[in-house]
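Visitor: generate a structure from the sequence data that follows.
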Amino acid sequence: MKLYSTKTLTGGALAAAVAVSFSAMTAQAAELRAWNIHPDGYPNTVALDKFAELVAAKTDGRVTVKNFHGGVLGSQPDAIEQVRIGALDVGNFNLGPIGPIAPEANVVSLPFIFKDMAHMHRVLDGEGGQKISDGMAAKGLMALAWYDSGARSFYNSVKPINTPEDVAGLKVRVMNNDLYSGMIEQLGGNPTPMAFSEVYQSLSTGVVDGAENNWPSYESTGHFEVAGYYSLSQHLIIPECVCINTDVFNAMSADDQAAVKAAAVESAELQRGLWAERAEASRAKVLESGVTFNEIADKAPFQDAMVPVYETYLAANPDLVPLVDLIKNTD
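Guide: Predicted coordinates:
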């Protein structure tokens, strides 16, 4: 897609330019430029390459996708904004940083909003996912399909966590989001927002006692070497999306829209399978290293402790109450 400067084109003019640019290219072939932060061989990278292959096949070459992996076109926040304005066409993004842009996307950052990974899939593949996508589309990002990003659980260098009382007094690194800090505070811990790159050293020196993340992150960063207690809480299950610029998608023919959507959904099936394999391999590796592992048998006390977090959030976002209820009531 042709690049336009936001200094010269904004709002409706930019949307029109994106649509005209796409329309002009469809006489031959429209090439969509796609961003991805992950390296070669990562489940998302493999799946996005499959997405590109499927798009070309399903549209008989009318639409093609050129993937730029490894974050070579900028950071995730920058890439999100580029897709929103049409400077990029497609991106594989975590919903965490999309939440401040599209409030509907932020509900997935509510602690324990999903019962488990399977519940998250049922929600996002159904009405809940459509409502989130609609909210994102209004901000320039339309979700075509949902990728896995694992379930985040607690790990620390002090002790196993089985009850909320076990978190009390622990210094826990969290991502920079009020919802995550509120979660740790309600459990009696001391939330410590910091960059992910600083966590290993902070665990090593005792600046923090623990953190929370999925199996692959716990393993690949070496955090298991300095925080040897992993407690399966799955308190946050934050998915990722394959997102397309709303105007670019709307400029496509109905047939090409259906084809691109189907390609994304098929790629998501591949990504989820690859992610599950990667997560299991990481789990096996850290357990073999001697990490002390426990699965929290009763999550209810943790969920009950989150009531003030939900009340504060929904008081500030009353329009999202129906969406939160829909997610909770999805079997």
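
Visitor: secondary structure class for residue 238?
Guide: Following DSSP: H, G, I helix; E, B strand; the rest coil, we place residue 238 in the coil state.

Visitor: my guess is it meets residue 97, correct?
Guide: No: Residue 238 sits out of contact with residue 97 when judged by C-beta atoms under 8 Å, with a separation of 10.1 Å. (Glycine included, C-beta is placed from N, CA and C.)

Visitor: which of the two has more neighbours?
Guide: Neighbours were counted for residue 238 and for residue 97 using other C-beta atoms under 10 Å; residue 238 has more, 21 against 17.

Visitor: quick check on that one: phi, psi?
Guide: Phi and psi for residue 238, reported as degrees, to the nearest 10, are phi -100, psi 110.

Visitor: residues near residue 73, how many?
Guide: The burial count assigned to residue 73 is 18, neighbours taken as other C-beta under 10 Å.

Visitor: contact partners for it?
Guide: 33, 35, 79, 82, 88 (C-beta atoms under 8 Å, 6 or more residues apart in numbering).

Visitor: what does whichever helix or strand the fourth one is part of rub up against?
Guide: It stands for residue 82. Here residue 82 sits within helix 76-85, counting by DSSP states H and E. Contact with helix 76-85 is made by 4, 6, 14, 35, 37, 71, 73-74, 88-91, 93-94, 97-98, 101, 139-141, 243-245, as judged by C-beta under 8 Å, 6+ apart.

Visitor: dump stretch 244-255 to PDB, restricted to CA.
Guide: Taking only C-alpha atoms (Å, rounded to 0.1, in the frame of the first residue of the first chain), the coordinates of stretch 244-255 have been written out as PDB:
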ATOM      1  CA  ILE A 244      -6.400  -5.000   9.300                       C
ATOM      2  CA  ASN A 245      -6.900  -1.300   8.700                       C
ATOM      3  CA  THR A 246     -10.700  -0.900   8.600                       C
ATOM      4  CA  ASP A 247     -10.800   1.300   5.500                       C
ATOM      5  CA  VAL A 248      -8.500  -1.100   3.600                       C
ATOM      6  CA  PHE A 249     -10.900  -4.000   4.400                       C
ATOM      7  CA  ASN A 250     -14.000  -2.100   3.500                       C
ATOM      8  CA  ALA A 251     -12.500  -1.200   0.100                       C
ATOM      9  CA  MET A 252     -12.300  -4.800  -0.800                       C
ATOM     10  CA  SER A 253     -15.000  -6.700  -2.700                       C
ATOM     11  CA  ALA A 254     -17.300  -8.900  -0.700                       C
ATOM     12  CA  ASP A 255     -15.600 -12.000  -2.100                       C
END
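
Visitor: gap between it and the chain center?
Guide: Mean-position distance between stretch 244-255 and its chain equals 23 Å (C-alpha atoms, centre = their mean, to the nearest Å).

Visitor: which residue sits closest to the one residue sitting closest to the centre of the chain, ignoring its sequence neighbours?
Guide: By C-alpha atoms, centre = their mean, the mean C-alpha position of the chain lies nearest to residue 94, the distance being 2.5 Å. Counting by C-beta to C-beta, 6 or more residues apart in numbering, residue 94 lies nearest to residue 240, which is 5.0 Å off, once chain neighbours are set aside.

Visitor: just residue 160 next, same as before
Guide: Taking C-beta to C-beta, 6+ apart as the measure, residue 160 lies nearest to residue 294, with 4.8 Å between them; neighbours along the chain are not counted.

Visitor: for that neighbour, phi and psi?
Guide: Taking degrees, to the nearest 10 as the convention, residue 294 sits at phi -140, psi 150.

Visitor: next: residue 43.
Guide: With angles defined as degrees, to the nearest 10, residue 43 shows backbone torsions of phi -50, psi -40.

Visitor: contacting residues for the closest residue to it other than its chain neighbours?
Guide: With C-beta to C-beta, 6+ apart as the measure, residue 274 is the residue that lies nearest to residue 43, at 3.6 Å, once sequence neighbours are left out. With contact set as C-beta under 8 Å, 6+ apart, residue 274 has these partners: 43, 46-47.

Visitor: same question for residue 93.
Guide: Residues in contact with residue 93, defined by C-beta under 8 Å, 6+ apart, are 76, 79-80, 83, 141, 240-241, 243.

Visitor: the residues you listed: which two are farthest apart?
Guide: Spatially, the most separated pair among these is 83 and 240, at 13.5 Å (C-beta to C-beta).

Visitor: pull out the buried positions in the helix holding residue 82.
Guide: Neighbour counts over helix 76-85 (16 or more other C-beta atoms under 10 Å) mark 76, 79-85 as buried.

Visitor: which element follows it toward the C-terminus?
Guide: Proceeding N to C from helix 76-85, the next assigned helix or strand is strand 90-94, under DSSP H and E.

Visitor: can you list contacts of the very next helix or strand once past that following strand?
Guide: Beyond strand 90-94 on the C-terminal side, the first helix or strand identified by DSSP H and E is helix 103-106. The set of residues that contact helix 103-106 without belonging to it, under C-beta under 8 Å, 6+ apart, is 95, 98-100, 131-132, 134-136, 179, 317, 319-320, 323.

Visitor: please redo it, this time with the cut-off set to 10 Å
Guide: 93-100, 128, 131-139, 141, 143, 177, 179, 238-239, 241, 313, 316-317, 319-320, 323 (C-beta atoms under 10 Å, 6 or more residues apart in numbering).
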